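Visitor: curious how this folds, go ahead:
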Amino acid sequence: MRVLRSSPAVTVEDNYDRLGYPASAVTREARYSRYLGDTVMLRSHTTAGVPPALRALATEPDPPADVLLVLPGLVYRRDVIDPIHVGEPHQVDLWRITRGDVDLDDMLGTLVEAVLPGARLRTVPARHPYTEQGRQLDVRVGGGWVELAECGLAAPHVLATAGLAPSRWRGLALGMGIDRAVMLRKGIPDIRLLRATDPRIAQQMLDLTPWRPVSMLPAIRRDLSVVAAAGVDDELLGDRARAALGTDADVLESLTLLARTPHDRLPPYAQARLGTAPGQVNLLLRLVLRPLDRTLTDAEANTVRDRVYAALHEGPHHEWAAVPERHRS
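Guide: Next up is the predicted model:
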C-alpha cells in the first residue's frame, strides 16, 4: 500500500485529459471547475493524482506486482447547499494496480465492511471516462439509499497513457467521500458538524463512536425570488451563495430551489415587475439559516438573505429585506 498526499493544485491535463474526459465535457466549464490559470486548477477529485502515480509506477525498474494506491485529500467543487453536501469535501481514491486477477465485488464488500460494518449495499451502473463497468455504490440508511462511493475497472487507456501496458496490468478504481462515510458511520445529520468548533461537537469528531445529539438552535427561513440565466443550476447557486457569505457561509443550512419559471411562461405583468428577458428564468429559492453555535437575530438573518440575493439576482429591479445605506436611492 502506498499513501500519496499531494498539492491540491494540479494540472488540467491530469485532472481531465489523462483520465479520458472529452474536451467538450460540461464538467470542464469554469462554473464547475476552479481554475488557477490556463493549465492549472484546484483538483475537482482526488483521481487527479492517479495519472502521476501511475507514471511513477511505470518508471520503476522493478515495480510491485500488486499495489494499492491510496490518494486522500480535499477536493474543490461547485455543489449544492444541504445537510449532506459541501463545496470542499474530503475524498480518497483507492486504485489497486496488479498483474493478477481483479474482483470488483470483493473490493466493494471489503470497503463497506470496513467503513460501515453490517450495512446493506447496492450498486447501480455509472459512467466514468477512466473506468470500465462503472458502478455507484449506495448504502441503505433509514428508508432510502445514500451514495458512498463510485468505482469500476481501471480503463486500459488510463494505464496505457501512463506507460503501463494493459496486456500486463489491470486495476480496480474507487473514489469515496470521507465526509459522507464519517456521517454515515457516526449517524451525523448535518455535514457542517464535521467542521464545527463548538467543544460539544468538536470533541465527538475524534473517534467513531455514535453521534450524541446536542441542542440544535431554531432555524430561520427566508424565501427569495430572483432573476437568473436559464442555464443556472443548484450547484452554481450554492457556490455563489458560499462565495457571497465567505466566512459566514456556515450559517446557511440549506438553499433549496422551489420553482423555476422561464421568461416566456411568466405572465406579462410578472415579466414587467421582475424585469426578465428572453434567456432568463425566475427562481423561487428557500434559505434555511441555522448557525451551529448561536441564534441569528431577524436583522442578521435579513442581512444574510440580502447578501445571497445580491449574489444570485441578475435582474434590473432589486428587493431588499434589510436595506443598507449604500443601496438606498
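Visitor: how about residue 108: what's its closest non-neighbour residue?
Guide: Leaving aside its sequence neighbours, residue 108 sits nearest to residue 137 (CB to CB, 6 or more residues apart in numbering; 5.9 Å). In short, each C-beta sits where N, CA and C put it, glycine included.
Visitor: whoops, residue 115 was the one
Guide: Nearest residue to residue 115, sequence neighbours excluded (CB to CB, 6+ apart): residue 181, at 5.1 Å.
Visitor: mind listing what that neighbour touches?
Guide: Counting by CB atoms under 8 Å, 6 or more residues apart in numbering, residue 181 touches 115, 116, 148.
Visitor: quick one, what contacts residue 271?
Guide: When contacts are counted by CB under 8 Å, 6+ apart, residue 271 is found next to residue 263.
Visitor: just the CA trace of the helix or strand it falls within, in PDB.
Guide: Element membership of residue 271 [criterion: DSSP states H and E] is helix 268-274. Presented in PDB, the C-alpha positions along helix 268-274 are these (Å, rounded to 0.1, in the frame of the first residue of the first chain):
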ATOM      1  CA  PRO A 268     -46.700  39.900 -18.800                       C
ATOM      2  CA  TYR A 269     -47.200  41.700 -15.500                       C
ATOM      3  CA  ALA A 270     -44.700  39.400 -13.800                       C
ATOM      4  CA  GLN A 271     -42.200  40.000 -16.700                       C
ATOM      5  CA  ALA A 272     -42.500  43.700 -16.200                       C
ATOM      6  CA  ARG A 273     -42.300  43.600 -12.400                       C
ATOM      7  CA  LEU A 274     -39.300  41.300 -12.400                       C
END
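Visitor: after it, next one along is what?
Guide: With DSSP H and E, the next secondary element past helix 268-274 is strand 280-289.
Visitor: other SSEs contacting whichever helix or strand comes after that next one?
Guide: Reading on from strand 280-289 to the C-terminus, the next helix or strand found by DSSP H and E is helix 298-312. Judged by 3 or more CB pairs under 8 Å, 6 or more residues apart in numbering; DSSP states H and E, the packing partners of helix 298-312 are strand 220-229, helix 234-245, strand 252-262, strand 280-289.
Visitor: returning to that earlier point: any idea how far the residue nearest to residue 115 is from residue 70?
Guide: Remark: distance between residue 181 and residue 70 (CB to CB, to the nearest Å) = 14 Å.
Visitor: how about residue 21?
Guide: Noted for residue 21: a distance of 23 Å to residue 70, by CB to CB.
Visitor: ditto for residue 245
Guide: 34 Å.
Visitor: cool, and residue 3?
Guide: 5 Å.
Visitor: looking at these two, which is more packed in?
Guide: The neighbour comparison of residue 3 against residue 70 (other CB atoms under 10 Å) goes to residue 70, with 18 against 10.
Visitor: so what's residue 74 bridging to?
Guide: Counting by DSSP bridges, residue 74 forms beta bridges with residue 90.
Visitor: nearest spatial neighbour of residue 197, chain-adjacent residues omitted?
Guide: Using CB to CB, 6+ apart, the closest residue to residue 197 is residue 293 (7.3 Å).
Visitor: contacts only, for that neighbour.
Guide: Contacts of residue 293 by CB under 8 Å, 6+ apart are 196, 197, 198.
Visitor: wait, isn't the last one in contact with residue 214?
Guide: Yes. At 7.4 Å, residue 198 counts as touching residue 214 under the criterion of CB atoms under 8 Å.
Visitor: what count of nearby residues applies to the closest residue to residue 51 other than its chain neighbours?
Guide: Closest residue in space to residue 51, ignoring its immediate chain neighbours: residue 18 at 4.0 Å, by CB to CB, 6+ apart. When counting by other CB under 10 Å, one arrives at 21 neighbours for residue 18.
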